[in-house]
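Novice: the amino acid sequence is not available; the structure is as follows:
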């Protein structure tokens, strides 16, 4: 996987740059996502959570939790005992904590600053691990997946939601044009960080989606892996189990 960083001229590591980028755009993140995706991202997250419901997990880790949208939706839908949301961007977590407090979910959801490639948990700790639009931001994808495998309990499940590249005409061409031209243009004027949404396009292009990502999950140890394409392949849900 080619390493793509938000700020190519910056000598900081990808991890540090991703943290800086999301801290920069945190105040605009939720609203801009709804606008740029036409609200479809909410449906994707809902489908992702539905894929977790079958196992009724009680202890869940949400990696790259951001402003905690997935954690909050899981708390309402799955009603687990505990959800831990982990992210490298403090300002994103601050916004997430406000939403959690407003919804009186602090007894269920705990947010913490943390690194996906060095998870601060014991082996076999969680019933399920989720990541929504976060794995392409890992500095080392294979280490991050191995860590997710390590902290998942036996027979536990990993559910990953991530952008993928549609291959069918005309969605492939529309996707490429929108992500490369329209989205960065809008993001430049609304998020105050023109690099952030250009990085989104570049990171999606570099991400090993489809069968390539399923292989990375398998190499990390997960079994019964599966891809579920969404909205003509614009995004995908990836599933795997720790056997």
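Specialist: It's in. Just so it is clear, the model here is predicted, and its values are computed rather than measured. Numbering: from 1, shown residues only.

Novice: now the lowest-mean-pLDDT helix or strand in the chain: buried residues?
Specialist: The helix or strand of the chain with the poorest confidence is helix 183-190; it has a mean of 74 (mean pLDDT, DSSP states H and E). Residues of helix 183-190 classed as buried: 183-184, 187 (neighbour count, 16 or more other Cβ atoms under 10 Å). No exception for glycine: its C-beta is placed from N, CA and C like everyone else's.

Novice: that one - contacts with which helices or strands?
Specialist: The contact analysis (3 or more Cβ pairs under 8 Å, 6 or more residues apart in numbering; DSSP states H and E) places helix 183-190 against helix 14-36, helix 194-206.

Novice: sorry, back to before: is it possible to export the buried residues of helix 183-190 to JSON lines including distance to residue 74?
Specialist: Formatted as JSON lines, those follow (distance: Cβ to Cβ, whole Å):
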{"residue": "183", "distance to residue 74": "27"}
{"residue": "184", "distance to residue 74": "31"}
{"residue": "187", "distance to residue 74": "27"}
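
Novice: quick one: the strands in the chain?
Specialist: Taking DSSP state E, the strands of the chain run over residues 59-63, 82-87, 109-113, 126-132, 152-163, 223-230, 235-241.

Novice: list the contacts of residue 148.
Specialist: For residue 148, the contacting residues are 61, 63, 116, 119, 129, 131, 158, 220, by Cβ atoms under 8 Å, 6 or more residues apart in numbering.

Novice: look up how far residue 204 lies from it.
Specialist: Going from residue 148 to residue 204 by Cβ to Cβ, to the nearest Å gives 20 Å.

Novice: that'll do, ta.
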